[in-house]
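Chemist: got a structure for you, letters missing:
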C-alpha cells in the first residue's frame, strides 16, 4: 500500500473526519489490504498513547497573575458591531419618554453587516468555529410565531437561556423584506448581536426599535437585557412587522414575563 | 459552557465585568496553558504565553466576532503567542527542550511522567507546523475545521499535515522506545 491518498484516508478515519463515501472506500480498503489494517492499528495505538498523556495543571498562581494585569475594556464607540447597539441604552423610564418625544433628534445607528470585522489590527480576520446551532438544548422557548407567505418563511422566537433572554429571527425570503422590531414598552433593550448567519442587507437601531432588511436565508440572534427600571414591571411585549416595498405582510407579537431575566 | 452562556460571558467582558473575565480565565486557562506547554516544552514560558493570551483576549474582546466560538479565537491567539515565543527564543539561544520534572507533576505516577517527557521530547523534534496540528488535534481535541480556522489553513492541508506529523511522531517515538510497531 503506497498510495498517499489511502494513507491519509486512514489517518482521517482515526479522527472521525470521513464522509459517507470515504467511509465506504475505507471499509473496502481495510477488507482487501492487510497492510492497511496494520497501518490503521498503528495510528490507533499512537492515538491511544497520546490520550494517555494527562493534561497539566497550570501553576496555582497563574490565574491571579492574569487577573492582576487584566484591564476591563469598556465599550467604546465605533469599535465593533456590538457597541453600536448600546449607545442608546436608556437608564430610566423618563429617558424613554423624552427619547420618544424627541424622535426626530434620536440618533440613528446604521449597521451595514458587510464590513463586520474591524480592519484596524491583527485580530480583524480572526475566525473560529461556526456555532452549528446557537439554540442550547437547555434553553426555553418562551414565545414564538411563524410567518408563511408566498416567497417568505420566517420563525421568530423569544428564548430564555439561564437568565439571559435572546430574540431569534430566522428568515427565508425570495424578495427583499423589511422587518421592524419594536421593544418599546417591553422593558427590554437590545444589548448585543449574538449571532448573524447570512448577509443581512442592513440592520438599523433606533433606540428600542430595530429595522432589518433581509434577502435570502438568514438568521439573527439578539441578546436582550431587562431595563433597570421598576416602571417596566410586568410582561414584556415585543411587536414585529414584516413588510415588502412599504406593504405590510404580517404583524405579530411576542410576550414574556421578565421575572428572572437579567438586567 | 454552552453557546448562550458563552455569548453572555463575552458580552459581560465587553461591558468590563471583572467577574466575567475571571470566569473566562478559570474556564479556559487549563486548555490554553496545555496547548502552550505542548508547543513550547517549557512550563514557565507556557505560563507567560497563557498570561499574554488572556491579556490579548481582553484587550481585543470588543472585536470578537460573535458568529464564532470563543475557544477557537482564544486558541488562535495562544498559538500565535507560542510561535512568537519560539521565534524570540531562536533569536536569543538555540532551542533547548526543558521538560517538566517529576516535581512539577506531583499528581502523576513516574511512569506517566516518563511518558509525558518522551512524548513532549518527540513533539519538540517536530517542526512548529507539524507540532501545531498534533497539539490542536490530540491535546486540544479540535476538528479539522477548527484547526484550519485557528491556523488559517485549508482543511485538506490540515489532513495531509496531520498525516505527515503522525508518521514522524510514530517513527520518533519508536526510536525513543515508547512506540512498538
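Modeler: Perfect, I can see it now. Just so you know, these numbers come straight off a predicted model, no measurement behind them.
Chemist: direction included, what does the helix or strand containing residue A:148 pair up with?
Modeler: Residue A:148 is located in strand A:140-149, with elements delineated by DSSP states H and E. Based on DSSP bridges, the strands next to strand A:140-149 in the sheet, each with its direction, are strand A:152-161 (antiparallel).
Chemist: do the next helix or strand after the strand it pairs with and chain B meet at all?
Modeler: Sequence-wise, the next helix or strand downstream of strand A:152-161 (DSSP H and E) is strand A:164-182. Yes: residues of strand A:164-182 contacting chain B under Cβ under 8 Å from any Cβ of the partner chain: A:164, A:166. Yep, even glycine has a C-beta here, placed from its N, CA and C like the rest.
Chemist: which secondary structure elements does the following helix or strand past strand A:164-182 sit against?
Modeler: Note on strand A:164-182: by DSSP H and E, the next helix or strand toward the C-terminus is strand A:188-197. Packed against strand A:188-197, as judged by 3 or more Cβ pairs under 8 Å, 6 or more residues apart in numbering or on different chains; DSSP states H and E, are the following elements: strand A:209-226, helix B:3-14.
Chemist: and the ones you listed as TSV, adding mean neighbour count, distance to residue A:141 and mean pLDDT?
Modeler: TSV is the format used below for these (neighbours: other Cβ atoms under 10 Å in any protein chain shown; distance: least, Cβ to Cβ, whole Å; pLDDT from 0 to 100):
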stretch	mean neighbour count	distance to residue A:141	mean pLDDT
strand A:209-226	20	13	85
helix B:3-14	22	13	86
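Chemist: give me the number of residues near residue B:40?
Modeler: Around residue B:40 sit 27 other residues, with neighbours defined as other Cβ atoms under 10 Å in any protein chain shown.
Chemist: where in chain B is pLDDT low?
Modeler: In the prediction, chain B carries residues with pLDDT under 70 at positions B:67, B:93-110, B:181.
Chemist: so which residue of it comes closest to chain A?
Modeler: Of all residues in chain B, residue B:72 sits closest to chain A, with a separation of 2.7 Å (Cβ to the nearest Cβ).
Chemist: doesn't residue B:146 make contact with that residue?
Modeler: Yes: the criterion here is Cβ atoms under 8 Å, and residue B:72 meets it with residue B:146 at 5.7 Å.
Chemist: list the contacts of the closest residue to residue B:154 other than its chain neighbours.
Modeler: If you skip the residues right next to it in sequence, residue B:154 has residue B:148 as its closest partner in space, 6.2 Å away by Cβ to Cβ, 6 or more residues apart in numbering or on different chains. Contacts for residue B:148 were tallied using Cβ atoms under 8 Å, 6 or more residues apart in numbering or on different chains; they are B:154, B:155, B:157, B:158.
Chemist: which of these has the most neighbours?
Modeler: Each of these was scored for neighbours by other Cβ under 10 Å, and residue B:158 scores highest at 26 neighbours.
Chemist: contacts for the helix or strand hosting that one next, please.
Modeler: Assigning secondary structure by DSSP H and E places residue B:158 in helix B:155-175. With Cβ under 8 Å, 6+ apart as the contact definition, helix B:155-175 has outside contacts at A:7-8, A:11-12, A:15, A:17, A:42-43, A:46, A:49, B:118-119, B:122-123, B:125-126, B:129-131, B:133-134, B:137, B:144-145, B:147-148, B:151, B:153, B:179-181.
Chemist: buried members of those residues into PyMOL, please.
Modeler: Command for PyMOL, covering only those of those found buried under the criterion 16 or more other Cβ atoms under 10 Å in any protein chain shown:
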select buried, (chain A and resi 7+8+11+12+15+17+42+43+46+49) or (chain B and resi 118+119+122+123+126+130+131+133+134+137+144+147+148+151+153+179)
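Chemist: among the contacts of helix B:155-175, which lie within helices?
Modeler: A:7-8, A:11-12, A:42-43, A:46, A:49, B:118-119, B:122-123, B:125, B:129-131, B:133-134, B:144-145, B:147-148, B:151 (DSSP state H).
Chemist: give me the below-cutoff pLDDT ranges for chain A.
Modeler: Short version for chain A, where the test is pLDDT under 70: A:1-2, A:73-139, A:185-186, A:228-234, A:259-263.
Chemist: domain ranges for it?
Modeler: Under automatic domain parsing, the residue ranges defining each domain of chain A are A:1-71, A:83-126+A:138-257.
Chemist: let me know which of the ones you listed is tucked in deepest.
Modeler: Mean neighbour counts were compared across the domains of chain A using mean count of other Cβ atoms under 10 Å in any protein chain shown; the top stretch is domain A:83-126+A:138-257, at a mean of 17.
Chemist: doesn't residue A:167 make contact with residue A:238?
Modeler: Yes: Residue A:238 lies in contact with residue A:167 (Cβ under 8 Å); the separation is 7.0 Å.
Chemist: what's the overlap in contacts for those two?
Modeler: Overlap between the contact sets of residue A:238 and residue A:167, as judged by Cβ under 8 Å, 6+ apart, is given by A:158, A:181, A:254.
Chemist: who's in contact with residue B:128?
Modeler: Residues in contact with residue B:128, defined by Cβ under 8 Å, 6+ apart, are B:39, B:83, B:86.
Chemist: and the gap between it and residue B:155?
Modeler: 20 Å (Cβ to Cβ, to the nearest Å).
Chemist: please apply the same query to residue B:129.
Modeler: Relative to residue B:155, residue B:129 is positioned 15 Å away (Cβ to Cβ).
Chemist: need the helices and strands packed on strand A:188-197 in TSV with distance to residue B:62, can you?
Modeler: Putting the helices and strands packed on strand A:188-197 into TSV (distance: least, Cβ to Cβ, whole Å) gives the following:
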stretch	distance to residue B:62
strand A:209-226	15
helix B:3-14	6
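Chemist: residue A:36 is nearest to which of the ones you listed?
Modeler: When the helices and strands packed on strand A:188-197 are compared by Cβ to Cβ, helix B:3-14 sits nearest residue A:36, at 38.8 Å.
Chemist: tell me which other helices or strands the helix or strand just after that closest one touches.
Modeler: Counting by DSSP H and E, the element after helix B:3-14 in chain order, helix or strand, is helix B:18-40. Here helix B:18-40 touches helix A:62-69, helix B:3-14, helix B:43-59, helix B:70-92, helix B:128-134, going by 3+ Cβ pairs under 8 Å, 6+ apart.
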